[in-house]
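Student: Structural data only, the sequence is not supplied:
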């Protein structure tokens, strides 16, 4: 019988699935659940070496001759320190050792707990990747543990082999450590790497006759080949391709989702639920991933560097190819066609969304300016409302849109934008709020190219906080949270020698927009002045207008449907 | 100019550089590379990142190692986006390790006598993400500033109890003088404003105008004390002329040397900036 301790079960199950059979074990208490579980399992071959330093070197020799990973397993504290010399050598010789270091009582670390040192990432820099696994007490812990161990075993092979560390917590009670009553170790999820010469027909079969959702993430700036590949793929499977502007693959046959993710109710989400989700890129701006989290929908991620990216918690395959190749190849091997029934469901939901605006707000201003944007422009959206409203506004399909969306930082937008502007002949438009512009003001001192256009929405505060919190909830909001100020940007525009225009209402705005995008020999700024609290209120109201209430009868029908489904099963 | 660095950048296919340095020409040749100069390393790193996003090739940013901390934020964004932003430091101190960058760089290399250029290029090409290349390339030390003209002009406005904060002065005498070192040039005005908040007496800050390029946005701070008395010395960078309207719009009185007599009118009732050309 095996241990019931979940994190150990996950490690053991994954060692098997990665075909890692050899363990060099040193004596002790803390790792007893792991040791006893592997020593009674025929799959594994175990060796006993007392001195961990020698154990590390034995494993090094073994891994060298087998040309496959070998585990070293020890109890907590100084035991783990003795692995360091062998790990250093393994790192320098590119030999795949796996240090499985057991750990204890994290909160008591440095406060009197026996045999308890800081083991987290303790072999750096002689370790390719280190993970620190908690006690598994709930589903989140379970996912985190599974993901971490997968990550370590995948990254062991990334850009050359080498040693990794899996530090895992064990319970304190000796009773629990030495209890073995589980007849079978449950199989946990292995995240597969699909690389080499890929059998595309096999994967094509897995998604044929399925509702496939492709969520395009932030990837490259120039994506002509990718767009063509996505279009081909879109013809061959029952697929919906969703985008936001930061993915830079705008096309009328794809579904533009920002805003939709916020207003749909759970029943509508259910209608849209796919059988499989395919993503690529470093960050997905839309919030759909979160809504399909833990829904048991397999997720395929495409990344040449095999980065583990698991927002839905259901990552199944990582394809180690570029998204261009992925979609081209899958399109090539399929003779199916997209009957668009799944697409129509999405389109219906998209069509019912109405983000028109007639009041003079930050959104009104951004939409009005983007409405006149010429073809082939570059837009940089700073953060929060700038990003949101850019995505709520129609723009020409050949616009390039960039934002620092991975960290979502307020800093650096002006600098990043000036970088873009230097590299394009066409119009470069910055959409930015007052706080963000002031934040990066030092960049205003550089030479600003003539193709620069800046739409500065000045609501004299961080309007985001007037949207998500509002003065109703915190009357002192403007003091520190939204950091209000009284600055007008005429005096700021002179720092960079910008032509300055100002608009306090819709009439003034349309006047300032006259010939705004005409080529000139100097850069231009429009400062649009809006009221932060009103901006927040109007945005909340607009989103609310677009929300379908879930009525009592709808809830009951849904419940009944589920019950009938269960019975039929 | 450093030939090795040029070779490494060429091998990496880099032709765009953003530099915070005043003497970038002594580090790398502007005829081989297109170089932008941006003083604030945070902005410089972001600008390089912005260029990178458009040309979809690696871009280098050259900073002094003492200001490397300012690149952390852009490096983090580039790490998440897995983009090859190459952070190059000059005046490196190889005995110091930048643990804080470990989470957002994918390689660290050292350019020094005897280092193998091919190895450096290989390490940088291994994975996508920000890279750190530290070099022993040295730049000229900043020339200390002689503030004697300032004292001649303004001496009568300082009393012996006043604290004088001087950026990189030639010589220091006087009990209440605090020296601001070149490696601590960032946000000098911010530090001074903070100092005033906790100080009962009078304090004056003297800086060359180029330091404003590291600290332009602090002037709209709500709690600038009326005892604020900032002396900005012209240094040919002409930054003050760009900044003056912005500074004044925040209620700070800018006084030129030909109108020193009005200092007494405003002192204690308004923050004062004296611009000495």
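Tutor: Now that the structure is in, tell me what you want to look at. Remember, predicted model here, so these are calculated numbers, not experimental data.

Student: mind listing what's buried in stretch A:486-498?
Tutor: A:487-496, A:498 (16 or more other CB atoms under 10 Å in any protein chain shown). Quick note: C-beta positions are derived from backbone N, CA and C, even for glycine.

Student: Can I get those in a markdown table including secondary structure and pLDDT?
Tutor: Putting these into a markdown table (DSSP: H, G, I helix; E, B strand; the rest coil; pLDDT from 0 to 100) gives the following:
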| residue | secondary structure | pLDDT |
| --- | --- | --- |
| A:487 | coil | 87 |
| A:488 | coil | 87 |
| A:489 | coil | 93 |
| A:490 | helix | 94 |
| A:491 | helix | 94 |
| A:492 | helix | 95 |
| A:493 | helix | 95 |
| A:494 | helix | 94 |
| A:495 | helix | 95 |
| A:496 | helix | 96 |
| A:498 | coil | 96 |
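
Student: Pick the one among those closest to residue A:287.
Tutor: Compare each of these with residue A:287 using CB to CB and the shortest gap goes to residue A:489, at 31.8 Å.

Student: ok, that closest one - contacts?
Tutor: If you count contacts by CB atoms under 8 Å, 6 or more residues apart in numbering or on different chains, residue A:489 has them with A:434, A:437, A:456, A:458, A:500, A:502, A:525, A:527.

Student: can you tell me which of the residues you listed are in helices?
Tutor: Assignment to helices by DSSP state H places the following of the contacts of residue A:489 there: A:434, A:437.

Student: For chain B, tell me which of the contacts of residue A:489 show up nearby.
Tutor: Judged by CB under 8 Å from any CB of the partner chain, the overlap between the contacts of residue A:489 and the neighbourhood of chain B is nil.

Student: now the residue of chain A found nearest chain B, nearest residue through space, not along the chain?
Tutor: Using CB to the nearest CB, the point where chain A gets nearest to chain B is residue A:419, with a distance of 2.2 Å. With sequence-adjacent residues excluded and distances taken as CB to CB, 6 or more residues apart in numbering or on different chains, residue A:419 is closest to residue B:50, at 2.2 Å.

Student: One more: residue A:263?
Tutor: Closest residue in space to residue A:263, ignoring its immediate chain neighbours: residue A:546 at 4.2 Å, by CB to CB, 6+ apart.

Student: What's the local residue count around that neighbour?
Tutor: When neighbours are defined as other CB atoms under 10 Å in any protein chain shown, residue A:546 has 16 of them.

Student: Now do the same contact list for it.
Tutor: By CB under 8 Å, 6+ apart, the contact list for residue A:546 reads A:259, A:263, A:352-355.

Student: what's the burial count for residue 211?
Tutor: Chain wasn't specified; assuming chain A. For residue A:211, the neighbour count with other CB under 10 Å is 21.

Student: other chain: chain B
Tutor: Number of residues near residue B:211 (other CB under 10 Å) recorded here: 24.

Student: I figured it was touching residue B:165, is that so?
Tutor: No - here residue B:211 does not reach residue B:165: they are 11.6 Å apart, not a contact under CB atoms under 8 Å.

Student: Let me know whether residue A:493 touches residue A:527 as I believe.
Tutor: Yes - with the criterion set as CB under 8 Å, residue A:493 and residue A:527 qualify as a contacting pair; they are 7.5 Å apart.

Student: Okay, domains of chain B per the record?
Tutor: As assigned by automatic domain parsing, chain B contains the domains B:3-135, B:148-276.

Student: Now do the contacts for the residue of the stretch 1-150 of chain B found nearest chain A.
Tutor: The nearest approach of the stretch 1-150 of chain B to chain A comes at residue B:50, 2.2 Å away (CB to the nearest CB). With contact taken as CB under 8 Å, 6+ apart, residue B:50 is in contact with A:380, A:402, A:415-420, A:422.

Student: switch to 7 Å and redo it
Tutor: For residue B:50, the set of contacting residues under the criterion of CB atoms under 7 Å, 6 or more residues apart in numbering or on different chains consists of A:415-420.

Student: and if you look at residue A:51?
Tutor: Under the criterion of CB under 7 Å, 6+ apart, the contact list for residue A:51 reads residue A:82.

Student: How about residue A:232?
Tutor: Applying CB under 7 Å, 6+ apart, one finds that residue A:232 lies in contact with A:327-328, A:331.

Student: which one of those residues has the most neighbours?
Tutor: Of all the contacts of residue A:232, the highest neighbour tally under other CB under 10 Å goes to residue A:327, namely 29 neighbours.

Student: quick one: it is in a helix?
Tutor: Yes - with DSSP: H, G, I helix; E, B strand; the rest coil as the criterion, residue A:327 is located in a helix.

Student: still on that earlier bit, distance check, the residue of the stretch 1-150 of chain B closest to chain A against residue A:216.
Tutor: Using CB to CB, to the nearest Å, we find residue B:50 at a distance of 22 Å from residue A:216.

Student: Ok, residue B:109 next?
Tutor: 34 Å.

Student: Show me which positions of the helix or strand of chain A with the lowest mean pLDDT end up buried.
Tutor: Taking mean pLDDT, DSSP states H and E as the measure, helix A:288-291 is the helix or strand of chain A with the lowest mean score, a mean of 81. Residues of helix A:288-291 classed as buried under the neighbour-count rule (16+ other CB under 10 Å) are A:288-289, A:291.

Student: Which of the contacts of residue A:546 ranks first by neighbour count?
Tutor: Ranked by neighbours (other CB under 10 Å), the contacts of residue A:546 are led by residue A:259, which has 21 neighbours.

Student: What are the phi and psi values at it?
Tutor: Taking degrees, to the nearest 10, you get phi 100, psi -40 for the backbone angles of residue A:259.

Student: ditto for residue A:268
Tutor: phi -70, psi -40.

Student: what does the model give it for pLDDT?
Tutor: You'll see residue A:268 listed with a pLDDT of 94.

Student: Next up, the contacts around it.
Tutor: A:349, A:548.

Student: Roughly how far does the residue of chain B positioned farthest from its centre sit from residue A:406?
Tutor: In terms of distance from the mean C-alpha position of chain B, residue B:265 ranks first, at 33.8 Å (CA atoms, centre = their mean). Between residue B:265 and residue A:406 the computed distance is 52 Å (CB to CB).

Student: How about residue B:147?
Tutor: When distances are taken as CB to CB, residue B:147 and residue A:406 turn out to be 45 Å apart.

Student: wait, isn't residue A:18 in contact with residue A:153?
Tutor: Yes - using CB atoms under 7 Å, residue A:18 and residue A:153 qualify as a contacting pair, with a distance of 5.2 Å.

Student: what about residue B:122, which helix or strand?
Tutor: Residue B:122 belongs to helix B:117-125 when elements are defined using DSSP states H and E.

Student: Need the residues that contact that helix.
Tutor: Under the criterion CB under 7 Å, 6+ apart, external residues in contact with helix B:117-125 comprise B:4, B:7-8, B:11-12, B:86, B:107, B:109, B:111, B:131, B:133.

Student: With neighbour numbers in mind, choose between residue B:147 and residue A:406.
Tutor: Relative neighbour count places residue B:147 above the other of residue B:147 and residue A:406, with 23 against 18, counting by other CB under 10 Å.

Student: Quick check: phi and psi at the more buried one.
Tutor: When quoted as degrees, to the nearest 10, the phi and psi of residue B:147 stand at phi -90, psi 10.

Student: residues contacting it?
Tutor: Remark: with contacts taken as CB under 7 Å, 6+ apart, residue B:147 is in contact with B:166, B:169, B:206.

Student: May I ask which of these has the most neighbours?
Tutor: Neighbour counts for those were taken using other CB under 10 Å; the highest belongs to residue B:206, which has 24 neighbours.

Student: What separation is there between the residue lying closest to that one once chain neighbours are set aside and residue B:210?
Tutor: For residue B:206, ignoring the flanking residues on the chain, the nearest one in space by CB to CB, 6+ apart is residue B:231 at 4.3 Å. In this structure, residue B:231 lies at 14 Å from residue B:210, with CB to CB as the measure.

Student: Give the buried residues for stretch A:317-332.
Tutor: When burial is assessed from 16+ other CB under 10 Å, stretch A:317-332 yields the following buried residues: A:317-331.

Student: Please consider this matter closed, and thank you.
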